[in-house]
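>>> Structure for this input, please:
(chains A and B, ligands or ions: 1)
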Amino acid sequence: MRTAPFEYHRAHDIDDALEWLTRDGDREVKILAGGHSLLPLMKLKLATPTVLLDVQGVSELKGVTMEPGWIRIGALSRYVDLTRDPTVAEALPLLSQVAATVADMQVRNRGTIGGSLCHADPQADIPAAVLALDGRLIVVGPRGERRMTLDEFIVAPFLTVLEPTEILSAVEFPIPSGPQQSVYLKRPHPASGYPIVGVAITANVPTPGHLSNVRVVVGGMGSKAYRAYATESTLNEKELSPETLRQAAEVAITEAQLSDDADVPYHSQLIRTYVERALHRLYGGVA
Amino acid sequence: MLDVLGQPVKRHEDDRLIRGKGQYTDDIRLPGMVYAHMVRSPHAHAKIKAIDIKAAQALPGVLAVFVGDDLKDSVGMIPTAWIPPNADMKMTPHPALAYDTVRYVGDGVAVVIAEDPYTASDAADLVRVTYAPLEAMTHPRDAMGPDKPLVHQEISDNVAFHWSVGENLDEVFASSEVVVRQEFRQQRLIPSAMEPRSAVAQYNAATEELTLWATTQNPHIHRFLMSGILGIPEHKLRVVAIDVGGGFGSKIACYPDEVVVAYASRALGRPVKWTETRQENFIATSHGRDHVHEVELAGTRDGDIKAIRVKAFSNLGAYLSTAAPGVPTILFGLVVNGAYKIPQASVDVYGVVTHTTPVDAYRGAGRPEATYLIERMVDLYARKLAMDPVQVRRRNLIPKESFPYTNPMGLEYDSGNYQGTLDKALQLVDYPQFRREQEALRKQGKYIGIGFSTYVEMCGLGPSEVAGAVGFQGGLWESATVRVHPTGKVTVFTGASPHGQGEETTFAQIVSHELGIPVEDIEVVHGDTARIAMGWGTYGSRSTVVGGAALHNATQKIIAKATKIAAHKLEVSELDVTFEAGQFRVAGVPDRGMSFANVALDAYLAWSLPEGVEPALEETAFYNPKNFTYPFGAHVAIVSVDATTGDVELMRYIAVDDVGNIINPMIVEGQIHGGLVQGIGQALYEGAEFDDQGQLVTGSFLDYAMPKARFFPRFETDHTVTPSPHNPLGVKGVGETGAIASTPAVVNAVLDALAPFGIRDLNMPLTSKKVWTAIQERGGI
Ligand SMILES: Cc1cc2nc3c(=O)[nH]c(=O)nc-3n(C[C@H](O)[C@H](O)[C@H](O)COP(=O)(O)OP(=O)(O)OC[C@H]3O[C@@H](n4cnc5c(N)ncnc54)[C@H](O)[C@@H]3O)c2cc1C
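Numbering: from 1, shown residues only, chains lettered A, B, ... in the order given. Sure thing, here's the model as predicted:
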């Protein structure tokens, strides 16, 4: 339970950080944000970076800013910031709600949205929210900036498209036009508290009892959070009733993406149940 | 001054424990201290082919690397201290470091000693051990037999002992009206005390004395066993355990790591510290439970239980830990009739070694296993007869007129009113109303259930004669010294070794009550063999029952001597002196008297003492209990089961306990809550699992579901008070009741909820997936 030897460095701004990342190709430089995924891995010697680059002092990675049509959330925003920030709570209540379900107070006080996304744990909560809210991940590197969706960013469990020389600087979310409803329903693992399944849904409500632009996202189950497109189309522009919600949940099973070691009957049942229950919550809010 | 006996006095120890001022073993810092890191086997069973320590030795800061061969001839084997009689027990040679074969994942093979813990850890990674892996056995019943991979060559079928009690019941069962059979799996649990284990050894070459600070529940037993292992005479060996952060049985045993640091300190002439990581705690600190039970119950069609027969396979792990053999035998087999007047019982226990972490006592130790099987069997019997489980319990509970009651194994239950606790619990739940509601909800496809556990347990270990008769290699009496200082302040030295239970407070309450002095004037000292002459430690809910009784006796001796001195001073006959609320008075002359503190001063000045009375005021008592004590109670769990997900929700939990007289109701409540959480944890969440290679797959809190406070409703507790007639304080012990009673109450409740599906039994823990799958297998909702 002790790390391999490493050098510790504090980056003072983004350029300094980028310079450290590119300086010496032989050394493995790892970014340290909240440390709540990286440090446990280092203690198990599953991660053995030679340089730990602490970016907690980099102001460019912090803060929540409103731009026309967009809200930008710095990668270093901690879960606790997401739960408390009035702008986030107002514009993206789903993100606040999801952040509040992560782990415990100690973890929420340090863990960051960027760290969670870069870690790409298939059992994380945040990716489902980012996908449901159609977020764009802003990656900066020596060749400039690139923007991508969550699906493009996360390749596989614990694997992203980030180059060793790149930093995730922020996540940008479109500000929903018109009244939007959202819900996150999480089933925490009794030991770890990580989601066994987490269903995130966002939808516009053009008229009561109807939804449009429905995004149904299932996290925790497969190799990464995924959109349940077929389920969404059973709901889009349809008259809602308990029966349509039940049918939508049935459809969710048919497009379930389960991990290789899943207990197929039980995990399918959980997807069905959590999709249906999440929809009921949402429906309760729109009826 | 308020009499504090029976009052919820705040725990004296909490201020230092909560504010980080405790003195745990890992807090010890000594000049020149160096650090140990163990190299542990990654295989459950393997031959050690070679160990290459060169790279580790070469790392700057490393002082030494020791392997099994280094220790082999210098220190002895780690013994077991419980040898059940007539069980043909075979010893499992347990070297402090393995030198030939490793027998579980976590078995120590080498130790690195370095100037700092980080270097020790890095160097441990550089120790190259070449293993030839072998097939591993992890399940107790499957491991039995001559054709199985053997854990120890000395034990040809992996059966370390076969113990039995009771007579042949074939005829009783053959002629019985009703027979119920069921197999139960008592899953393995990981105790997970908040403080991991730690040890610091300091050898003084000038005096040839060794001091060992260790996370132990019983420093004197440690000294006794360690002196044998290390070859250091007892008077040159001191064992200290000031603050210990929970044990639950896992800190009773003598561990290899403690022997290793002692050896290393002697070899290097430096103090050596070792503290395990949480991950080491999972694999290298003793586990609990892990039995398979084949149970049969014989009874009449009217609901009278006639006999119980048990065949148990107990997984002891790779080596017989200190108290391990006593747990599935004496502490289990002698109480399988529970609180019921079952005329006949027989128990057969196979103690089986496997390639797993050693198993030892865990909160309740044997009694939870016994209580689980009898409480489950009573429910299954009731179901078979289509009778109400409460009615069957009422019919079979030992009636209050029958005490003292001798159970079929010959134990004498001291006192009880079992119906009384059941009545009280039923009032609290409104049972008829619950059944009506249950019926109505079932019609709506909702499933709620109620489960009972009318338990009794045997604790306050125990009479030393019995300890001897049942093969425990020690006494079970307790000592207390009361030292009254010249100013009337008191230091108590107890042989009990509290590690979270609160005896610094409860013992002060006993003395305060008896001597009439404030609790603030009393200091309770424990956990140091240099300060306490002898004692047997804290486990088996014995500290207040046995240690508290010793303290009472010592205090009475103080009062007797002080009365003599007071009478002399007051110039009256001893018979005319009364002692109350800290004042000695002349009977009938209310204004003539003197305070306890003044008598203490006189005792020390000794200017004028009565004939034959020695100076000073200090007394020691050694109390050997006449019997065990038998707390009992009725616990009720109410659950709801979500048939869609299999989720079990504990809605209410009612615990009516009778633990005899209560010294501090707040501490009693705390002990019950803690026990409930552990017992319910076993029922619903916890379970250690090994894969086929013997790897612990629940090796961290990511996978091992330690229950959290938010999992539980507010517990509803109540009491009846039936003092133990043979204990001078009338107390019965409360440390384990919650863990003993709650597991079957909850499982009975879940199976009651699942009755409409025809589900008879499920193996613990009752996870959502297990419950849902069982419902599906029976056609679903
Ligand atoms: C006890 C506990 C319980 C938990 N429970 C949950 C839970 O219920 N749900 C859940 O979703 N998660 C849970 N987590 C994980 C937690 O959310 C982590 O904090 C999070 O996954 C990582 O964020 P961090 O800021 O701590 O990242 P770090 O640990 O600092 O970094 C994680 C990885 O991302 C990289 N990285 C970090 N920031 C950047 C960046 N800006 N650009 C590029 N790379 C970067 C790091 O180099 C590292 O590889 C839990 C963790 C703990 C310890």
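
>>> Kindly report the domain assignment for chain A.
Split into domains by automatic domain parsing, chain A comes to A:7-54, A:59-174, A:180-286.

>>> Reformat these into a markdown table and put mean neighbour count next to each item.
Placement of C-beta: from N, CA and C, glycine included. What follows is the domains of chain A, written out as a markdown table (neighbours: other Cβ atoms under 10 Å in any protein chain shown):
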| stretch | mean neighbour count |
| --- | --- |
| domain A:7-54 | 16 |
| domain A:59-174 | 19 |
| domain A:180-286 | 19 |
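
>>> I'd guessed residue B:428 sits against residue B:716; true?
Yes. Using Cβ atoms under 8 Å as the test, residue B:428 is close enough to residue B:716 to be in contact (6.2 Å).

>>> Same drill for those two, tell me which one is more crowded.
residue B:428 (17 against 14; other Cβ atoms under 10 Å in any protein chain shown).

>>> just to revisit the earlier point, list residues touching both of residue B:428 and residue B:716?
residue B:654 (Cβ atoms under 8 Å, 6 or more residues apart in numbering or on different chains).

>>> Now render the domains of chain A as JSON lines, adding distance to the ligand and mean pLDDT.
Shown next, in JSON lines, are the domains of chain A (distance: least, Cβ to the nearest ligand atom, whole Å; pLDDT from 0 to 100):
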{"stretch": "domain A:7-54", "distance to the ligand": "3", "mean pLDDT": "94"}
{"stretch": "domain A:59-174", "distance to the ligand": "2", "mean pLDDT": "97"}
{"stretch": "domain A:180-286", "distance to the ligand": "4", "mean pLDDT": "94"}
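
>>> Could you point out which of those domains sits nearest chain B?
The minimum distance between chain B and the domains of chain A falls on domain A:180-286, with 4.0 Å, by Cβ to the nearest Cβ.

>>> Pull the distance from that closest one to the chain's centre.
Taking Cα atoms, centre = their mean, to the nearest Å, the mean C-alpha location of domain A:180-286 is offset from the chain mean by 16 Å.

>>> what does stretch B:57-72 give?
Between the centre of stretch B:57-72 and the centre of its chain there are 36 Å (Cα atoms, centre = their mean).

>>> Tell me, please, where in the stretch 451-600 of chain B the pLDDT is lower than the cut-off.
Along the stretch 451-600 of chain B, no part satisfies pLDDT under 70.

>>> Now do the strands in it.
B:478-484, B:490-494, B:522-525, B:577-580, B:583-586, B:589-595 (DSSP state E, counting those that start in this stretch).

>>> Deepest-packed of these, please.
Each of those was given a mean neighbour count from mean count of other Cβ atoms under 10 Å in any protein chain shown, and the largest, a mean of 25, is that of strand B:478-484.

>>> who touches that strand?
Contacts for strand B:478-484 (Cβ under 8 Å, 6+ apart): B:490-496, B:511, B:515, B:532-536, B:542-543, B:546-547, B:549-551, B:553-555, B:557-558, B:562, B:600, B:603, B:617-623.

>>> One more: stretch B:256-268?
B:34, B:36, B:38, B:63-64, B:66, B:71, B:74-75, B:78, B:94-97, B:108, B:111, B:113, B:197, B:199-203, B:210, B:212, B:214, B:222, B:226, B:229-230, B:232, B:271-274, B:276, B:284.

>>> likewise stretch B:574-583?
By Cβ under 8 Å, 6+ apart, stretch B:574-583 touches B:1, B:3, B:515-517, B:559, B:562-564, B:566-567, B:570, B:584-588, B:593-596.

>>> buried subset of those?
B:515-517, B:559, B:562-564, B:566-567, B:570, B:584-586, B:593-594, B:596 (16 or more other Cβ atoms under 10 Å in any protein chain shown).

>>> and the stretch 1-150 of chain B, which residues reach chain A?
B:117-118, B:121-122, B:125 (Cβ under 8 Å from any Cβ of the partner chain).

>>> Mind checking which of the residues you listed land in helices?
Of these, the ones assigned to helices by DSSP state H are B:117-118, B:121-122, B:125.

>>> just to revisit the earlier point, could the residues of the stretch 1-150 of chain B next to chain A be laid out in a markdown table, adding neighbour count and pLDDT?
Shown next, in a markdown table, are the residues of the stretch 1-150 of chain B next to chain A (neighbours: other Cβ atoms under 10 Å in any protein chain shown; pLDDT from 0 to 100):
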| residue | neighbour count | pLDDT |
| --- | --- | --- |
| B:117 | 16 | 96 |
| B:118 | 15 | 93 |
| B:121 | 20 | 94 |
| B:122 | 22 | 93 |
| B:125 | 16 | 95 |
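
>>> just curious, which of these is nearest to residue A:4?
Set against residue A:4, the nearest of the residues of the stretch 1-150 of chain B next to chain A by Cβ to Cβ is residue B:122 (7.6 Å).

>>> State the distance from the residue nearest to the closest one when sequence neighbours are not counted to chain A.
Distances taken as Cβ to Cβ, 6 or more residues apart in numbering or on different chains put residue B:59 closest to residue B:122, at 6.4 Å, once the chain neighbours are dropped. As defined by Cβ to the nearest Cβ, to the nearest Å, residue B:59 lies at a distance of 11 Å from chain A.

>>> ditto for residue B:46
22 Å.

>>> need the strands for the stretch 601-750 of chain B, in chain order.
So, for the stretch 601-750 of chain B - with DSSP E, counting those that start in this stretch - the strands run B:618-623, B:632-642, B:647-658, B:716-719.

>>> quick one: buried residues of the third one?
For strand B:647-658, burial by neighbour count (16+ other Cβ under 10 Å) applies to B:647-648, B:650, B:652-658.

>>> Chain A contacts on chain B?
B:117-118, B:121-122, B:125, B:277-279, B:644-646, B:685, B:698, B:701-707, B:711, B:767, B:769, B:772-773, B:776.

>>> just the buried members of these?
Of the residues of chain B next to chain A, these count as buried by 16+ other Cβ under 10 Å: B:117, B:121-122, B:125, B:279, B:644-646, B:685, B:698, B:703-705, B:707, B:711, B:767, B:769, B:772-773, B:776.

>>> So which of those sit within helices?
Short answer: those in helices (DSSP H) are B:117, B:121-122, B:125, B:279, B:769, B:772-773, B:776.

>>> okay, the angle between the longest helix seen in chain A and helix B:768-777?
In chain A, with assignment by DSSP H, the single longest helix is helix A:264-286. Using axes from the mean of the first three to the mean of the last three Cα atoms, to 10 degrees, the direction of helix A:264-286 lies 100 degrees away from that of helix B:768-777.

>>> Only alpha carbons, please: show helix A:264-286 as PDB.
Taking Å, rounded to 0.1, in the frame of the first residue of the first chain, the C-alpha atoms of helix A:264-286 are listed here in PDB:
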ATOM      1  CA  VAL A 264     -27.600 -11.200 -17.700                       C
ATOM      2  CA  PRO A 265     -31.100 -11.900 -16.300                       C
ATOM      3  CA  TYR A 266     -30.600  -9.900 -13.200                       C
ATOM      4  CA  HIS A 267     -28.800  -7.000 -14.800                       C
ATOM      5  CA  SER A 268     -31.400  -6.800 -17.500                       C
ATOM      6  CA  GLN A 269     -34.000  -6.700 -14.800                       C
ATOM      7  CA  LEU A 270     -32.200  -3.800 -13.100                       C
ATOM      8  CA  ILE A 271     -32.000  -1.800 -16.300                       C
ATOM      9  CA  ARG A 272     -35.700  -2.400 -16.900                       C
ATOM     10  CA  THR A 273     -36.600  -1.400 -13.400                       C
ATOM     11  CA  TYR A 274     -34.300   1.600 -13.200                       C
ATOM     12  CA  VAL A 275     -35.400   3.000 -16.600                       C
ATOM     13  CA  GLU A 276     -39.000   2.600 -15.700                       C
ATOM     14  CA  ARG A 277     -38.600   4.100 -12.200                       C
ATOM     15  CA  ALA A 278     -36.500   7.000 -13.600                       C
ATOM     16  CA  LEU A 279     -39.200   7.600 -16.200                       C
ATOM     17  CA  HIS A 280     -41.900   7.600 -13.500                       C
ATOM     18  CA  ARG A 281     -40.000  10.200 -11.600                       C
ATOM     19  CA  LEU A 282     -39.700  12.300 -14.700                       C
ATOM     20  CA  TYR A 283     -43.300  11.700 -15.600                       C
ATOM     21  CA  GLY A 284     -44.300  12.700 -12.100                       C
ATOM     22  CA  GLY A 285     -42.600  15.900 -12.800                       C
ATOM     23  CA  VAL A 286     -44.200  16.600 -16.100                       C
END
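
>>> I'm done for today, thanks for sticking with me.
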